[in-house]
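>>> Pasting a predicted model and its sequence here:
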Amino acid sequence: MIILGYIFIGIGAFFYFLGGLGILRMPDVYNRLQAGTKATTLGSFSVILGVGFVNMDYLPKALLIIAFIALTNPVGSSVLARAAYLIGIKPTAKTKVDECKGGDEI
Amino acid sequence: MRRFLSALIVLGLIMFFISTLPLIPEFGKASLSKVSRAFIDKDVNGNGGNIQYGVSKDLENGAANVVTSIVVDYRSFDTLGEVTVLFTSALGVGIILSGYKRKKFGREPNFILRVSVGILLPLILLFGAYVFIHGHLTPGGGFPGGTIIAAGILLLYLSNEEFDLSKTVKFVEGISGSLYVIVGLLGLAVSGVFLINFLPTGVVGNLFSSGIVPIIYILIGFKVGAELSGIVAELHREG
Amino acid sequence: MSFSVFIVTFFTWLLLTSFTDVKEILVGFFASLVVSVVMKRYYGIRFDLKFPLRVIKFIFIYLPVFIWKMILANFDVAFRVLNPSLPLNPGFVKVKTDLKKQSSKLMLANSITLTPGTLTLDVKEDELCIHWIDVKSLDEQIKKRKISGVFEKILKGVFE
Amino acid sequence: MNVLNYIYFILVGFGVLFSFLRMLLGPTSADRLAALDTLNVVLTGTIVFLALVFKNGLYLDIALVYGLLSFVETVLIARYLEGKK
């Protein structure tokens, strides 16, 4: 069980690394949020579950933290993306389609 | 040029902090004065071997957290004053900002945010209660717990336009403040000293193990939460 | 008091204190009672008699699909980030949803945010505005099937 | 298990470094806030991991408080950025 826990923690650390890299490399704020949110959410799940597996006493609280992150992290990035869209931050030049028509008519 | 300079300064500061790190003693190996050793021995982590977590009972003060025992038991009168300071500042904010008409945010609140705060808010309040109920066992207590509750109220204000709780806040604040003084007066009646710890203390590490400390921390938690929520409400009303 | 809030907060308290002590459970009972009395007006989810069935459906149908999609999403992100040429074809698209309840719409938005290549910007009545990292098609049916099809079917079974 | 701790901290350190760079470079404030959000989640996970390193369960409470405050912070700054019409 301890070995399984450490494997989970290692996978989570790798996804944290990927999240940072995605934040750095992607061309505009929306793509950055996509990469950052997905990678860090799965990374957190993996790390925290791994900690819960290594030490079984921590498992209930670890599950609680996982539920909390699953609820708050997508909401935070969604609110941030909406704010960026509303103040009219231009997406990258590769963006071809825009059905939401900017401004307040989301 | 300015950026380069600031980066240089930050690097220098980081080097300075790293170079001072080895000077800090290791955890649990600090050389203590007689007074702090005496207080720690009265609480839990005494190295003398006569007090142990989860075993010893009926101590002078059963809190597992030394800071809590000093703040809410030995120097409880001082804490009453601190809470009063916070109350005065909340009152000042209320007086300065009252009389303005309530303005709204420019944009209508986000749907996702509104619904998710609706689900999260009871859990945030419960977590604040958890922090201040376990103030004598964990590093926490009335002030952080109240702040967590106020953060929840702030989230509610950010996500919900039609919402006002100024009246309730004042009510809770007054009730918990006067209950604090009443607990102190009970100590005066029982043992002749204001705010003395007159309840029995149990085994160190249990939930009911520290006399009046948890009760006072619950009252402080309610009071601080209400005061900070009141400040948030006044600031939000001002726009 | 609101009974659904009470159940959720009491369960949260049990997780926080790790099911240890009778006194803790007693104190938690009172704490969640107070919270549920205070919070009866501002709460999104209402539970009813079918609640246990819903929990079972949520755990055994929704969660496996969700976790599988999340793992796929992360391999997708890894592929895009580690590829030197950054394959992107982003765009903002609108998707209609049939879900009615607020909480199920929230779950749908969160699920879309965490699954491959999509990020929910906003929900307005029955339309979701979504940033899609790789726009395949602008046809209504294909969009819906690619982005929200699976989750919408499952969430309809769980919440409504 | 000491080597594993080092591996974890090196990987996470690079992640933190990259998002920090984005926070310094970011052309708009939304970019900076996105980087900050990512950084906060990474730090929450790291605090949970510290519970294992220092063998002290209290770090889980701290992680919960930190996650809550970082959520409030992200939402607050985003609402501020939206501004008036």
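Structure's in. What do you need?
>>> which helices and strands sit right next to the worst-scoring helix or strand of chain C on mean pLDDT?
Ranked by mean pLDDT, DSSP states H and E, the helix or strand of chain C with the weakest confidence is helix C:140-147, at a mean of 72. Counting contacts by 3 or more Cβ pairs under 8 Å, 6 or more residues apart in numbering or on different chains; DSSP states H and E, helix C:140-147 packs against strand C:91-96. (Glycine included, C-beta is placed from N, CA and C.)
>>> Could you see whether chain A lies near the next helix or strand after the strand it packs on?
The helix or strand immediately downstream of strand C:91-96 is helix C:102-114, counting by DSSP states H and E. Yes - remark: helix C:102-114 sits within contact range of chain A at C:109, C:110, C:113, C:114, by Cβ under 8 Å from any Cβ of the partner chain.
>>> Poorly predicted segments of chain B, please.
Along chain B, segments meeting pLDDT under 70 span B:27-28, B:43-50, B:99-106, B:238-239.
>>> Chain A: strands as residue ranges?
A:97-98 (DSSP state E).
>>> pLDDT below threshold where in it?
Counting by pLDDT under 70, chain A shows low-confidence ranges at A:101-106.
>>> Check it for the residue nearest chain D and tell me.
residue A:20 (3.2 Å; Cβ to the nearest Cβ).
>>> That residue contacts residue D:19, doesn't it?
Yes - in this structure residue A:20 lies within contact range of residue D:19 using Cβ atoms under 8 Å: 4.7 Å.
>>> ok, these two, which is more surrounded?
Counting neighbours by other Cβ atoms under 10 Å in any protein chain shown for residue A:20 and for residue D:19 shows that residue A:20 has the greater number, 31 against 28.
>>> what residues are up against the more buried one?
D:14, D:15, D:16, D:17, D:18, D:19, D:38, D:42 (Cβ atoms under 8 Å, 6 or more residues apart in numbering or on different chains).
>>> Just the buried subset of those residues, written out for PyMOL, thanks.
Command for PyMOL that selects the buried part of the contacts of residue A:20, burial taken from 16 or more other Cβ atoms under 10 Å in any protein chain shown:
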select buried, chain D and resi 15+16+18+19+38+42
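>>> Of the contacts of residue A:20, which ones also sit close to chain C?
The subset of the contacts of residue A:20 within reach of chain C, counting by Cβ under 8 Å from any Cβ, is empty.
>>> Count the neighbours of residue B:183 for me.
Here the number of neighbours of residue B:183 (other Cβ under 10 Å) works out to 19.
>>> Kindly report the same for residue B:40.
Here the count is done by other Cβ under 10 Å, and residue B:40 has 17 residues near it.
>>> Wait, it touches residue B:67, no?
No - with contact defined as Cβ under 8 Å, residue B:40 does not reach residue B:67; the gap is 10.7 Å.
>>> now the one residue in chain A that gets nearest to chain C, nearest residue through space, not along the chain?
Of all residues in chain A, the one sitting closest to chain C is residue A:97 (3.1 Å; Cβ to the nearest Cβ). Here the nearest residue to residue A:97 in space, its sequence neighbours aside, is residue C:91; by Cβ to Cβ, 6 or more residues apart in numbering or on different chains that works out to 3.1 Å.
>>> ok, now residue A:68?
Nearest residue to residue A:68, sequence neighbours excluded (Cβ to Cβ, 6+ apart): residue D:67, at 5.8 Å.
>>> okay, now the one you found: neighbour count?
23.
>>> and if you look at the one 4 residues further on?
Residue D:71 is surrounded by 28 other residues when neighbours are defined as other Cβ under 10 Å.
>>> Contact residues of chain B facing chain A?
Within chain B, the positions near chain A by Cβ under 8 Å from any Cβ are B:107, B:110, B:112, B:113, B:116, B:119, B:120, B:123.
>>> biggest separation within those, which pair?
Maximum pairwise distance in those, criterion Cβ to Cβ, is 26.3 Å, between B:107 and B:123.
>>> more neighbours, those two?
Applying other Cβ under 10 Å to residue B:107 and residue B:123 shows that residue B:123 carries more neighbours, namely 23 against 16.
>>> And what about the more buried one, helix, strand or coil?
In the three-state summary, residue B:123 is assigned as helix, counting by DSSP: H, G, I helix; E, B strand; the rest coil.
>>> Can you name the residues that contact it?
Contacts of residue B:123 (Cβ under 8 Å, 6+ apart): A:68, C:8, C:9, C:12.
>>> what would the contacts of residue A:20 look like in CSV with secondary structure, distance to residue A:31 and pLDDT?
What follows is these, written out as CSV (DSSP: H, G, I helix; E, B strand; the rest coil; distance: Cβ to Cβ, whole Å; pLDDT from 0 to 100):
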residue, secondary structure, distance to residue A:31, pLDDT
D:14, helix, 20, 89
D:15, helix, 17, 88
D:16, helix, 20, 89
D:17, helix, 20, 89
D:18, helix, 15, 88
D:19, helix, 14, 86
D:38, helix, 13, 90
D:42, helix, 19, 91
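>>> from the contacts of residue A:20, which single one is nearest chain C?
Out of the contacts of residue A:20, the one with the shortest distance to chain C is residue D:18. That distance is 10.4 Å, counting by Cβ to the nearest Cβ.
>>> Can you give me the distance of the closest residue to that closest one other than its chain neighbours to chain B?
Closest residue to residue D:18 apart from its sequence neighbours, by Cβ to Cβ, 6+ apart: residue A:20 at 3.5 Å. Remark: distance between residue A:20 and chain B (Cβ to the nearest Cβ, to the nearest Å) = 19 Å.
>>> Helix, strand or coil: sort out the most centrally placed residue in chain D for me.
Centroid-nearest residue in chain D, with Cα atoms, centre = their mean: residue D:40, separated by 1.8 Å. In terms of secondary structure, residue D:40 is helix; the call rests on three-state DSSP.
>>> list the contacts for it?
Residue D:40 makes contact with D:66, D:67, D:70, D:73, D:74, according to Cβ under 8 Å, 6+ apart.
>>> one step back: got any residues that touch both of residue A:20 and residue D:19?
When contacts are counted by Cβ under 8 Å, 6+ apart, residue A:20 and residue D:19 are jointly contacted by D:38, D:42.
>>> Tell me, how many residues neighbour the closest residue to chain B within chain A?
With distances taken as Cβ to the nearest Cβ, chain A approaches chain B most closely at residue A:75, which sits 4.6 Å away. A total of 27 residues lie near residue A:75 under the criterion other Cβ under 10 Å.
>>> Fine, thanks again, bye for now.
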